[in-house]
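> fold the following for me, if possible:
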Amino acid sequence: MSDYIRKAFSGYASYSARGQFAFMLHRIAGLATLAFLTLHIATTATVFFMPQWYDKLVELFRNPVIMAAEILIAYFVVYHGVNGLRIAYLDLFRPDLWTKQASRKATPAVFMIAFILWLPALAIMGYQLLKYGFGLFGGG
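Numbering: from 1, shown residues only. Predicted structure coming up:
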């Protein structure tokens, strides 16, 4: 079993065909999204199974470090979606564009599109971080 895991990780480390950074960020963003959704579902389930824990968990999530991490996770979710749409488009409609050169051109565009789509979430979540995390704007 450990040999398979070692081979998988060495494959990730040596992969460079179509944009190492975009490839790794897509995987990290997918794992971050999975972790966030798992944590969100588990936290929400405490309302039913362990209601005494729910308020404690919500209070924990108002920690400024956790709130900042949620802002970063929001970018990961948007980036994963935009890059996933790019991959699906290339696989389904334009397989001729699966080249190193085309991927290098597309990677900055994917980052910028994801950033632009993320800006409203950044504004809303950033305001909440400043208000509840740091007590600005009359927050407590």
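> from here on, just use CA atoms for contacts and neighbour counts.
OK.
> pLDDT below threshold where in the protein?
Across the chain, the ranges flagged by pLDDT under 70 are 1, 4-19, 139-140.
> helices of this structure, start to end?
2-14, 20-49, 51-61, 64-92, 100-128 (DSSP state H).
> nearest to Leu136, of those?
Of all the helices of the chain, helix 100-128 sits nearest to Leu136, with 9.0 Å by C-alpha to C-alpha.
> so which elements touch that closest one?
With contacts taken as 3 or more C-alpha pairs under 8 Å, 6 or more residues apart in numbering; DSSP states H and E, helix 100-128 sits against helix 64-92.
> if you set the cut-off to 10 Å instead, what comes out?
Judged by 3 or more C-alpha pairs under 10 Å, 6 or more residues apart in numbering; DSSP states H and E, helix 100-128 is in contact with helix 20-49, helix 64-92.
> let me have these in CSV, extended by mean neighbour count.
Output for these, formatted as CSV (neighbours: other C-alpha atoms under 10 Å):
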stretch, mean neighbour count
helix 20-49, 15
helix 64-92, 17
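> and the helices of the chain as TSV, adding distance to Phe137?
Below are those laid out as TSV (distance: least, C-alpha to C-alpha, whole Å):
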stretch	distance to Phe137
helix 2-14	45
helix 20-49	27
helix 51-61	19
helix 64-92	15
helix 100-128	9
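> returning to that earlier point: any chance of the helices and strands packed on helix 100-128 in CSV, with distance to Trp118 too?
As requested, those are exported to CSV (distance: least, C-alpha to C-alpha, whole Å):
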stretch, distance to Trp118
helix 20-49, 14
helix 64-92, 6
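> please report how far Asp137 lies from Ala69.
For residue 137 the amino acid is Phe, not Asp. In this structure, Phe137 and Ala69 are 21 Å apart, going by C-alpha to C-alpha, to the nearest Å.
> now the residue nearest to the spatial centre of the chain, nearest residue through space, not along the chain?
Central residue of the chain (C-alpha atoms, centre = their mean): Phe76, 2.1 Å from the mean position. Excluding the flanking residues, the one nearest Phe76 by C-alpha to C-alpha, 6 or more residues apart in numbering is Ala29, at 4.7 Å.
> sweet, I'm off.
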